[in-house]
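Visitor: Dropping a prediction and its sequence here:
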Amino acid sequence: MPIVDKSKFHRPEIIRIMKTRKHNQKLFMDAFFEKTGSDRKLYLPIFKKIDDLNISWIHGKNTKGILSAEDILLAVKYLRFFLEFQAEDMQKLTPIPRKAIVEPVSEGGVSAEWNAYPGSLEDYAMIYIHGGGHIMGSVKTHRLFTLELAKVTNLRVLSINYRLAPEHPHPAALEDCVSAYNWLLSLGFKSSKIIISGDSAGGYYTLLTLLKLRDDGSLLPAGAICFSPSTDMAQTGESVKKNCYTDLILGDLGYIWWINAHIVDADPYDASISPLYADLKGLPPILIQVSTSEMLFDDSRMFYERAREAGVDVTLQTWDDTLHVFQNKPQLPETKEAMEEVRDFVKKLI
């Protein structure tokens with residue numbers, strides 16, 4: 001049974017998004033089985049297991065063993081298709097602007113693409129690390145958003161692909177993020193003219209990248225921007241369960257098994273796994289934006305409090321009654337406000 005409580009959504013814009021998602025889910029599911037030739041009968045029990053896992057987790061029950069390794073690989077295959085197919089659909093409805101620059105690049109095994117517009121500042125760059133719960137997502141799924149970031153900030157955005165779990169558990173993705181940063185340095189970009197940004201799992205990797213660079217004695221970027229980052233793999237914040245009923249994006253997806261696929265048997269309290277438990281001293285300015293009604297709200301709030309205590313120039317901006325990573329929904333009025341805050345933050349850095 002679904003976890004998300006539809007009765008808790010009252011805003012017309014959110015209700016429209018909710019109805020569109022429900023309609024699209026059936027279309028995408030049909031397309032998945034048609035295009036991949038996968039057996040529908042094989043997947044229906046897996047969807048049921050994910051529902052059972054989600055409910056067990058919400059009620060504090062043991063979830064170990066509900067999903068097998070094979071179940072996870074099959075579920076990941078479906079979710080990746082869903083996200084990529086959704087991106088294709090969105091780019092048909094909202095074509096990439098004619099003036100936009102989309103340039104694929106690859107270096108050191110990390111594929112990426114430059115997103116920019118004519119007149120973008122040539123000697124500044126933003127690395128963008130996409131979200132997707134560690135298991136899905138790509139430069140393609142986030143292209144419309146990274147192009148909007150390039151437009152709003154007037155920066156060239158290097159949107160990167162990284163290795164995904166469960167095939168590539170931690171620290172594979174982090175290694176790719178650090179490689180992308182070092183590649184920009186090798187191109188001649190000054191660290192003081194680089195900003196790192198990401199959403200959800202990408203926000204998590206943004207923070208881990210800052211910590212890794214600092215610990216390695218590398219030159220740090222000018223700053224970082226995180227949209228609804230996950231920071232606590234131990235999931236100690238109250239909002240992870242309290243807000244599952246009002247999180248339209250994450251509530252019904254069985255978020256817990258994504259984390260397990262990412263960290264496997266590693267200690268979730270390890271500072272190299274969870275940014276929340278790291279020594280945060282010496283990090284550059286950080287902007288965090290999050291919804292108070294999403295599951296990861298406390299991940300942002302707790303990290304903000306610890307970073308502030310460590311002397312970091314950190315800003316937490318919150319919006320009520322909206323979505324996880326709402327910034328990629330241009331139909332929401334708060335998106336414009338949030339992007340203006342991003343623009344102002346970048347201006348202060350550069």
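Guide: Received the coordinates, thanks. Numbers count the residues shown, from 1 in each chain.
Visitor: Which strands or helices does the helix or strand of the chain with the lowest mean pLDDT pack on?
Guide: The least trusted helix or strand in the chain, going by mean pLDDT, DSSP states H and E, turns out to be helix 12-36, with a mean of 90. On a contact count with 3 or more C-beta pairs under 8 Å, 6 or more residues apart in numbering; DSSP states H and E, helix 12-36 meets helix 69-93. Heads up, the C-betas are built off the backbone N, CA and C, glycines and all.
Visitor: Give me the contacts around the next helix or strand after the helix it packs on.
Guide: Using DSSP states H and E, the helix or strand that follows helix 69-93 in sequence is strand 101-107. Strand 101-107 is contacted by residues 96, 111-118, 120, 143, 147, 158, 179-180, 183 when judged by C-beta atoms under 8 Å, 6 or more residues apart in numbering.
Visitor: Stretch 162-181 too?
Guide: 69, 72-73, 76, 107-110, 112, 127, 129, 132, 134-137, 158, 160-161, 194, 196, 205-206, 208-209, 212-213, 218, 221, 258, 261-264, 266, 272-273.
Visitor: Off-centre distance for that stretch?
Guide: 14 Å (C-alpha atoms, centre = their mean, to the nearest Å).
Visitor: swap in stretch 301-313?
Guide: Using C-alpha atoms, centre = their mean, the offset of stretch 301-313 from its chain centre is 20 Å.
Visitor: in that stretch, what counts as buried?
Guide: 301-304, 306-307, 312 (16 or more other C-beta atoms under 10 Å).
Visitor: what's the first-to-last distance across stretch 187-207?
Guide: Start and end residues of stretch 187-207 are separated by 23 Å (C-alpha to C-alpha, to the nearest Å).
Visitor: how about the helices of the stretch 51-200 of the chain, start to end?
Guide: 69-93, 143-153, 172-186 (DSSP state H, counting those that start in this stretch).
Visitor: Now do the second one, average pLDDT.
Guide: It refers to helix 143-153. Averaged over helix 143-153, pLDDT sits at 98.
Visitor: The longest one too?
Guide: The average pLDDT for helix 69-93 rounds to 93.
Visitor: what about the nearest residue to Lys140 once chain neighbours are set aside, neighbour count?
Guide: Leaving aside its sequence neighbours, Lys140 sits nearest to Ala87 (C-beta to C-beta, 6 or more residues apart in numbering; 5.4 Å). Using other C-beta atoms under 10 Å, Ala87 has 18 neighbouring residues.
Visitor: Give the residue spans of the stretch 151-300 of the chain that score low on pLDDT.
Guide: Applying pLDDT under 70 to the stretch 151-300 of the chain flags no residue at all.
Visitor: Out of the contacts of stretch 162-181, which end up buried?
Guide: Applying 16+ other C-beta under 10 Å to the contacts of stretch 162-181 flags 72, 76, 110, 112, 127, 129, 132, 134-137, 158, 160-161, 194, 196, 205-206, 208-209, 212-213, 221, 258, 261-263, 272-273 as buried.
Visitor: need the strands for the stretch 151-300 of the chain, in chain order.
Guide: Secondary structure of the stretch 151-300 of the chain (DSSP state E, counting those that start in this stretch): strands at 155-160, 194-199, 223-227, 286-291.
Visitor: Ala125 contacts Ser159, correct?
Guide: No - between Ala125 and Ser159 there is no contact under C-beta atoms under 8 Å: 11.0 Å.
Visitor: Alright, calling it a day.
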